[in-house]
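Peer 1: Return atomic coordinates for the entry below.
(one chain, ligands or ions: 1)
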Amino acid sequence: MRACFFSAAAGLGAVLVSGSACAQDYPAANKTITFVLPYAAGGPTDKAARDLAQSMSKALGGHSIVIDNAAGASGSIGTNKVAKAPADGYTLLFTHIAQATLVSFFRQLPYNVEKDFEYLGLVSENPMNLIGRPNLPANNMAELIAWAQNNKGKINISNAGPGSASHLCGMLFQSTLKVDMTSVPYKGTAPAMTDLIGGQVDLMCDQTTTTIPQIEGKKVKSFAVTTATRLSSPVLKDMPTMQEAGLKDFTVTIWQGLYAPKGTPAPVLKKLNDALKVAVKDPEFIRKQDAGGASVIHDPRNDPAGHKAFVLSEMAKWAPIIKAAGVYAD
Ligand code: ASP
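Peer 2: Residues are numbered from 1 along each chain as shown. Coordinates of the predicted model:
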């Protein structure tokens with residue numbers, strides 16, 4: 001067995017480790033990298049993770065990256081799985097805004113967002129889109145608002161659990177409208193979409209990357225987007241923004257990024273961050289995000305310090321909004 005040394009992050013000095021964990025050999029030819037993704041397969045986070053995995057794999061010389069959909073409990077199960085995983089660069093977390101919002105919804109999380117992760121960089125931002133079942137009586141935002149006000153107590157709205165992107169967007173929609181709806185949580189918005197298409201639930205907010213194909217296929221009705229200005233996507237360009245529809249200050253943007261367990265050796269983190277920065281410039285990655293109405297991030301948030309500072313600022317931004325809504329998960 002080949003042995004190598006690296007400096008322990010905890011300041012314990014040089015540590016002898018086995019060849020498979022050598023930072024300079026990373027990634028080892030016989031070990032796959034896993035992106036743990038805390039939502040169901042087929043949803044927008046899954047799509048973004050798979051797109052990134054393809055581009056990062058190219059950047060790492062074709063090294064294989066697989067996806068592990070560890071869904072449940074609003075994304076906290078998969079996130080905790082990575083917090084507790086070996087810090088060797090082979091188990092990474094791909095998640096979205098929930099990294100900053102779950103902490104305000106859960107009375108107790110089994111991990112610490114600030115202390116249990118290495119931040120590898122943010123990759124993309126995504127608008128949300130309010131959609132409804134195909135047989136919903138309303139056809140535009142004005143009709144939807146009137147229908148919601150006339151059907152108080154009867155409407156349900158699906159999401160990926162408290163603190164998920166779909167939940168935040170739906171929560172803002174209800175509080176802005178002052179209409180309470182029954183929240184129907186799923187392990188991700190892919191299974192929620194199936195039930196929306198089938199008419200089992202009334203409404204959902206989801207990232208545009210997965211709403212666009214369903215709108216194009218006339219499987220769901222689209223009502224509004226959550227950006228400050230209209231989107232350029234050919235499918236959504238005529239969709240009003242929430243603000244145009246009269247819902248003041250209603251903007252939501254979802255961001256996605258990559259994390260490693262705390263204590264991952266610095267040379268491994270550097271290789272991963274370098275690969276991430278190559279991936280966000282990959283025309284194929286950019287094209288796929290663009291087609292879904294998302295935009296690729298090219299700013300200091302592609303780096304660990306900028307990524308972490310942004311997540312902490314998002315935690316501070318959302319905490320009072322979530323606390324004011326008085327919604328908690330156990
Ligand atoms: N779109 C989901 C959310 O609402 C998660 C997913 O299934 O990707 O957070």
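Peer 1: from here on, contacts and neighbour counts on C-alpha atoms
Peer 2: Fine.
Peer 1: Contacts for the helix or strand containing Asp51 next, please.
Peer 2: Using DSSP states H and E, Asp51 sits in helix 44-59. Helix 44-59 is touched from outside by 35, 37, 39-40, 63-67, 69, 94-96, 189-190, 206-207, 209-210, 256, 275-276, 278-280, 282, 284-285, 288-289, with contacts defined as CA atoms under 8 Å, 6 or more residues apart in numbering.
Peer 1: mind redoing it with 6 Å?
Peer 2: Residues from elsewhere that reach helix 44-59, judged by CA atoms under 6 Å, 6 or more residues apart in numbering: 63, 65, 209-210, 275-276, 279.
Peer 1: Among those residues, which pair sits farthest apart?
Peer 2: Maximum pairwise distance among the contacts of helix 44-59 (CA to CA): 27.3 Å, between His63 and Thr210.
Peer 1: Quick check: residues of the stretch 101-250 of the chain near the ligand?
Peer 2: For the stretch 101-250 of the chain, the contact set with the ligand under CA under 6 Å from any ligand atom comprises 159-160, 164-166, 188-190, 206-207.
Peer 1: Stretch 158-167 spans what distance, first to last residue?
Peer 2: Across stretch 158-167, the terminal residues are separated by 8 Å (CA to CA, to the nearest Å).
Peer 1: In stretch 217-233, which of the residues would be classed as buried?
Peer 2: Of the residues in stretch 217-233, 219-228, 230-231, 233 count as buried by neighbour count, 16 or more other CA atoms under 10 Å.
Peer 1: just the CA coordinates of stretch 77-93, formatted as PDB?
Peer 2: C-alpha atoms of stretch 77-93 as PDB (Å, rounded to 0.1, in the frame of the first residue of the first chain):
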ATOM      1  CA  ILE A  77     -31.900  13.500   5.800                       C
ATOM      2  CA  GLY A  78     -29.500  13.700   2.800                       C
ATOM      3  CA  THR A  79     -27.800  16.800   4.200                       C
ATOM      4  CA  ASN A  80     -27.100  15.000   7.500                       C
ATOM      5  CA  LYS A  81     -25.800  12.000   5.600                       C
ATOM      6  CA  VAL A  82     -23.000  14.200   4.100                       C
ATOM      7  CA  ALA A  83     -22.400  16.000   7.400                       C
ATOM      8  CA  LYS A  84     -21.600  12.600   8.900                       C
ATOM      9  CA  ALA A  85     -19.800  11.100   5.900                       C
ATOM     10  CA  PRO A  86     -16.000  10.500   5.700                       C
ATOM     11  CA  ALA A  87     -14.200  13.700   4.900                       C
ATOM     12  CA  ASP A  88     -12.400  12.300   1.900                       C
ATOM     13  CA  GLY A  89     -13.900  14.100  -1.100                       C
ATOM     14  CA  TYR A  90     -15.900  11.100  -2.300                       C
ATOM     15  CA  THR A  91     -19.300  12.000  -0.600                       C
ATOM     16  CA  LEU A  92     -20.500  15.500  -1.400                       C
ATOM     17  CA  LEU A  93     -23.800  17.300  -0.900                       C
END
